[in-house]
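Participant: Provide a 3D model corresponding to the input given below.
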Amino acid sequence: MTAAELEDWLVARVAAEMSLAVQAVDAEAPFAELGLGSLEAVAISGELEELLGRRLDPTLLWEFPTPRRLADHLAGAGA
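Facilitator: Numbering: from 1, shown residues only. This is a model prediction of the structure:
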């Protein structure tokens, strides 16, 4: 997946988790500011593992704290 596709997936997933409109989720806003707690972050990390077919550290959402930074990292642009 490209960074843009991952970013779109993350924004949509955060919006769904937090009961927000997709347009209300800023891809450069920290996950914590968007309302995500550790339980939601671990759940999203698990879904990302399935989506990407590889093992991910559940702390990735804190190491790369915005949808854009995480997407870039996972796509290789930020690695």
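
Participant: Okay, now the unreliable bits of the chain?
Facilitator: In the prediction, the chain carries residues with pLDDT under 70 at positions 77-79.

Participant: show me where the protein has helices.
Facilitator: 3-17, 38-52, 60-63, 67-75 (DSSP state H).

Participant: could those helices go into a markdown table alongside distance to A29 and mean neighbour count?
Facilitator: C-betas here are computed from N, CA, C, even on glycine. As requested, those are exported to a markdown table (distance: least, Cβ to Cβ, whole Å; neighbours: other Cβ atoms under 10 Å):
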| stretch | distance to A29 | mean neighbour count |
| --- | --- | --- |
| helix 3-17 | 9 | 18 |
| helix 38-52 | 14 | 15 |
| helix 60-63 | 13 | 18 |
| helix 67-75 | 8 | 22 |
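
Participant: With distance to P30 added, can I get those helices in CSV?
Facilitator: Shown next, in CSV, are the helices of the chain (distance: least, Cβ to Cβ, whole Å):
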stretch, distance to P30
helix 3-17, 11
helix 38-52, 11
helix 60-63, 9
helix 67-75, 9
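
Participant: For E28, which of these is the nearest?
Facilitator: Ranking those by their distance to E28 (criterion: Cβ to Cβ) puts helix 67-75 first, at 5.3 Å.

Participant: Run through who's touching stretch 69-79.
Facilitator: 1-4, 6-7, 9-10, 27, 48, 52, 56, 60-61, 63-64 (Cβ atoms under 8 Å, 6 or more residues apart in numbering).

Participant: Kindly recompute the last result at 6 Å.
Facilitator: Stretch 69-79 is contacted from outside by T2, A3, L6, E7, L10, F64, using Cβ atoms under 6 Å, 6 or more residues apart in numbering.
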